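sequence and predicted structure below; questions after.
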Amino acid sequence: MFHHFHGSKHLPSQGSLSADDFSDMLDWLQNKYNLIGANEYLHKFETSNLADRDICLSFDDALLCQYDIALPILEKRRLDAFFFVYSSVFTGTPDNLEVFRYFRTNKFTDIEDFYSQFFELYEIKFQDRIGEHRTRCVNIGYLSAWPIYTENDRLFRFLRNEILGVERYEELMLHFMKIKVFSPAAIINDLWMSEVHLRQLSNLGHLVGLHSYTHPVQMSKLSHREQLLEYRKNLEHLTPIVGDIICMSHPCGDYNEDTIKILGDLGLKIGFRSNTAISTINSKFEIPREDHANIYKEMNS
Ligand SMILES: [Zn+2]
């Protein structure tokens, strides 16, 4: 599972890969596993011929850096991949989380600088102490399925997902960006692909799939109806651009039984999780994925 790449106009961000990193990773994976294209993977999966060593590549969130940096390498190797796309960014309302990520990785000395200013702003705005949350976060082993995260990475995500919730988190971040004189509108075209890029991916034989309409952080907290709208609107947006869609991945790896049923009802054939916390394939919409950051770490250990 790949997200961010850097090179030319795309600045390095937390966990991003250069073109050389990506090439080295593909070599490393090819040595260790049987690296196959997305179409072949799907075919083997559907005919129950998938071997333990078979792996394929997937790219989430329609980031332009994937098109600019990773795609030329895929094409050179004649390797097709899955690209999972959420729609709201194409209608001018991108996922704020990605904008916030850009903000926090480009407007501060480093990520720790961002965290210390963020925690300080949180304490002031919400009149709440950080210390207790930090202890709780450690005690419950928050996000322990992602070994790449530091203590502050976990605390930040804990505050965002469990304490603040979407609306208050966004309110805090918008306030933070205002203080820092940062304009999201100026970066949208630099961060995401356009529909032309999506069509090109499809024409080249890559499999473009669903990733919800607005990229909710916690899909499982939405009602059946809200989840259905997320995936149906996503499907209605992408089908005219890339044709029939049969694959998907869960935004932030979050889903419940309603999600699984909806995906089946929409006629999808394969779906991916966003970690390897469950290493077996429990249903056709729960295939585990390894984050590229974990592979990078394993390669360099
Ligand atoms: Zn995503």
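Happy to help now that I have it.

just the pLDDT for the residue of the chain positioned farthest from its centre.
No residue in the chain sits farther from the centre than residue 127, which is 31.9 Å out by Cα atoms, centre = their mean. In the predicted model, residue 127 carries a pLDDT score of 94.

with residue 10 instead?
With respect to pLDDT, residue 10 has a value of 89.

please tell me how far residue 137 sits from residue 13.
Spatial separation of residue 137 from residue 13 under the definition Cβ to Cβ, to the nearest Å is 23 Å. Backbone N, C-alpha and C define where each C-beta goes, glycine included.

the two - which one has more neighbours?
The residue with the greater number of neighbours, taking residue 137 and residue 13 and applying other Cβ atoms under 10 Å, is residue 137; the counts read 21 against 17.

who's the closest spatial neighbour of that one, skipping the chain neighbours?
Closest residue to residue 137 apart from its sequence neighbours, by Cβ to Cβ, 6 or more residues apart in numbering: residue 158 at 4.4 Å.

show me which residues of this structure sit near the ion.
When proximity is defined by Cβ under 5 Å from the ion, the chain lies next to the ion at 60-61, 251.

count residues in the vicinity of residue 131, would you?
Around residue 131 there are 10 residues (other Cβ under 10 Å).

which residues sit against the helix or strand hosting it?
When secondary structure is defined by DSSP states H and E, residue 131 falls within helix 130-139. By Cβ atoms under 8 Å, 6 or more residues apart in numbering, the surrounding residues in contact with helix 130-139 are 119, 122-123, 142, 151, 154-155, 158-159, 163.

mind giving me the ChimeraX select for the residues you listed, buried ones only?
Restricted to the buried members of the contacts of helix 130-139, where burial is judged by 16 or more other Cβ atoms under 10 Å, the ChimeraX selection command reads as follows:
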select :119,122,142,154,155,158,159,163
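
tell me which two of the contacts of helix 130-139 sit farthest apart.
Using Cβ to Cβ, the contacts of helix 130-139 reach their maximum pairwise distance at 123 and 142, which is 19.3 Å.

and the pLDDT at whatever residue of the stretch 201-301 of the chain ends up closest to the ion?
Relative to the ion, the nearest point of the stretch 201-301 of the chain is residue 251 (4.6 Å; Cβ to the ion). Listed pLDDT for residue 251 reads 95.

in terms of contact, does it touch residue 213 like I think?
No: counting by Cβ atoms under 8 Å, residue 213 is not a contact partner of residue 251; they are 9.8 Å apart.

who has more neighbours, those two?
Taking other Cβ under 10 Å, residue 251 and residue 213 do not tie; residue 251 has more neighbours (25 against 21).

who's in contact with the more buried one?
In this structure, residue 251 makes contact with 86, 211-212, 215-217, 219, judged by Cβ under 8 Å, 6+ apart.

6 Å instead?
Taking Cβ atoms under 6 Å, 6 or more residues apart in numbering as the criterion, residue 251 is in contact with 211-212, 215.

could I get those residues as TSV with secondary structure and neighbour count?
Converted to TSV, the contacts of residue 251 look like this (DSSP: H, G, I helix; E, B strand; the rest coil; neighbours: other Cβ atoms under 10 Å):
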residue	secondary structure	neighbour count
211	coil	25
212	coil	27
215	coil	23
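
residue boundaries of the helices in the protein?
Remark: helices of the chain, listed N- to C-terminal, are 19-32, 38-46, 64-65, 71-76, 96-106, 111-126, 130-139, 151-158, 165-179, 188-191, 195-203, 224-242, 257-265, 292-299; assignment by DSSP state H.

buried ones in stretch 108-121?
Counting neighbours by 16+ other Cβ under 10 Å, stretch 108-121 gives 108, 111, 114-115, 117-119 as buried.

ditto for stretch 24-36
Along stretch 24-36, the positions that meet the burial threshold by neighbour count (16+ other Cβ under 10 Å) are 25-26, 28-29, 34-36.
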